[in-house]
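Novice: Fold the stuff below for me.
(one chain, ligands or ions: 2)
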Amino acid sequence: MKTVHPLPDEASVVPVRQPLITVEKLTVDMPLGRSGSSVRIVDGVDFTIGVGERVALVGESGSGKSLTARALMRLDRLAKLSGRVDFDGTDLLKLSDRDMGKLRGSSIAMVFQDPMSFLDPLMTIGDQVAETLRIRGIGKAEARKRALAVLDELGVDRAAERLDAYPHEFSGGMRQRVVLAMALVGEPRLLIADEPTTALDVRVQDQVLDLLDDVSTRRGLAVLFITHDLGVVAGFAERVMVMYSGRIVEDGEVASVFAKPSHPYTQGLIKAVPRIDQDLNTLYAIPGAPPPPLARPSGCPFHPRCDQRFDRCGVDLPALQPVGMSRVACHLLDGKGA
Ligand SMILES: Nc1ncnc2c1ncn2[C@@H]1O[C@H](COP(=O)(O)OP(=O)(O)OP(=O)(O)O)[C@@H](O)[C@H]1O
Ligand SMILES: [Mg+2]
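Specialist: Residues are numbered from 1 along each chain as shown. Ligands and ions are numbered 1, 2, ... in the order given. The predicted structure is shown next:
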């Protein structure tokens with residue numbers, strides 16, 4: 001008898017990536033001066049990044065993007081973290097400081113907005129790129145060889161000569177490549193990039209993004225990219241997570257979120273992107289400002305600014321729930337007045 005194979009449904013055609021990092025109920029509490037009390041900045045965040053996946057994290061200033069990213073690497077000594085951060089089978093929040101130190105650079109690396117504050121003006125480029133490897137006990141000659149290879153990979157011309165140059169001899173774009181090289185030389189599997197192109201002019205910004213795109217594809221490197229710029233998200237990321245007041249309010253594929261944002265906050269962010277054909281008098285801004293973490297409103301933290309709010313929004317905190325291929329935290333999904 002002939003076997004009939006059912007046609008795969010649409011969802012199963014999408015390749016499912018193997019998870020690289022899975023974050024569950026992550027909270028970040030920061031101390032309030034010396035009072036002994038603290039304030040919850042990141043308030044129960046769940047997400048997964050797949051092997052080689054490029055995910056953008058967006059949201060207004062102060063929403064907790066940087067503290068979320070820094071929590072994954074346990075960079076803030078004063079932060080009190082809870083939840084789970086599973087990286088390739090290990091809960092990073094349970095690792096000893098020593099083991100966490102070994103993992104930084106070799107499994108997860110981070111680049112920041114301002115390359116100059118990250119570079120030591122008194123140390124040569126070659127030594128700085130090689131340093132991550134030297135700390136791991138790799139010999140000087142081998143570390144220098146690998147530093148050269150990664151600078152080459154990142155398009156630094158005459159890299160061999162420039163190993164002995166100092167940061168002030170490099171342009172802004174070249175410095176950002178050096179910082180990227182420092183992050184990538186340890187062959188991490190996840191790169192966290194916190195607004196790495198914001199300080200660069202648009203042309204250099206595009207070059208750095210193209211470069212990251214190439215490296216991520218070639219190496220199968222996953223990237224968590226934090227940015228304010230939705231244009232950058234559209235050009236670079238496959239998935240976007242939208243953060244508001246310490247929580248993720250929408251998470252989905254870039255194309256579908258941009259075409260049909262579900263959360264009123266995401267709708268506002270997209271509406272606020274100026275278009276080239278737009279009359280300057282019609283520029284849109286979401287009314288009001290995000291709440292300070294110590295004065296979060298009850299219910300949905302976005303409700304005071306939301307033009308679609310109804311009674312329940314001021315009372316219940318909406319959970320992040322699946323909607324098609326996305327996740328959204330909004331009561332509208334349960335039907336108005338439900
Ligand atoms: N070390 C700290 N101690 C106490 N509060 C902090 C600390 N760092 C940040 N915060 C507060 O936590 C909140 C979130 O900060 P975070 O830097 O994560 O925001 P962000 O989304 O990255 O913003 P931006 O887009 O401006 O970079 C802000 O209200 C900020 O004032
Ligand atoms: Mg930030």
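
Novice: Go through the longest helix seen in the chain and flag the buried ones.
Specialist: In the chain, with assignment by DSSP state H, the single longest helix is helix 202-219. Using 16 or more other C-beta atoms under 10 Å as the test for burial, helix 202-219 gives 204-205, 207-209, 211-212, 215-216. Every C-beta, even on glycine, is put in place using the N, C-alpha and C of the backbone.

Novice: Please name every helix or strand in contact with it.
Specialist: When contacts are defined as 3 or more C-beta pairs under 8 Å, 6 or more residues apart in numbering; DSSP states H and E, helix 202-219 packs onto helix 172-184, strand 190-194, strand 222-226, helix 230-236.

Novice: a markdown table for the buried residues of helix 202-219, including pLDDT and distance to residue 167?
Specialist: Shown next, in a markdown table, are the buried residues of helix 202-219 (pLDDT from 0 to 100; distance: C-beta to C-beta, whole Å):
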| residue | pLDDT | distance to residue 167 |
| --- | --- | --- |
| 204 | 81 | 16 |
| 205 | 83 | 19 |
| 207 | 86 | 18 |
| 208 | 85 | 16 |
| 209 | 89 | 22 |
| 211 | 90 | 19 |
| 212 | 92 | 20 |
| 215 | 94 | 21 |
| 216 | 95 | 25 |
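
Novice: Check the offset of the longest helix of the chain from the chain's centre.
Specialist: 15 Å (C-alpha atoms, centre = their mean, to the nearest Å).

Novice: can you pull the contacts of the residue of the stretch 151-300 of the chain found nearest ligand 1?
Specialist: Per C-beta to the nearest ligand atom, residue 293 is where the stretch 151-300 of the chain lies closest to ligand 1, at 5.2 Å. Neighbouring residues of residue 293 by C-beta atoms under 8 Å, 6 or more residues apart in numbering: 39-41, 64, 245-246.

Novice: need those residues in a markdown table with secondary structure, can you?
Specialist: Shown next, in a markdown table, are the contacts of residue 293 (DSSP: H, G, I helix; E, B strand; the rest coil):
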| residue | secondary structure |
| --- | --- |
| 39 | strand |
| 40 | strand |
| 41 | strand |
| 64 | coil |
| 245 | coil |
| 246 | coil |
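
Novice: Which one of those sits in the busiest neighbourhood?
Specialist: Counting neighbours by other C-beta atoms under 10 Å, residue 246 leads the contacts of residue 293 with 27 neighbours.

Novice: picking that back up, so which of the helices and strands packed on helix 202-219 gets nearest residue 127?
Specialist: Across the helices and strands packed on helix 202-219, residue 127 has its closest neighbour in helix 172-184 (10.6 Å, C-beta to C-beta).

Novice: and that closest one, average pLDDT?
Specialist: When pLDDT is averaged over helix 172-184, the result is 90.

Novice: One more: stretch 80-87?
Specialist: Average pLDDT, stretch 80-87: 98.

Novice: swap in stretch 117-125?
Specialist: Mean predicted confidence for stretch 117-125 is 90.
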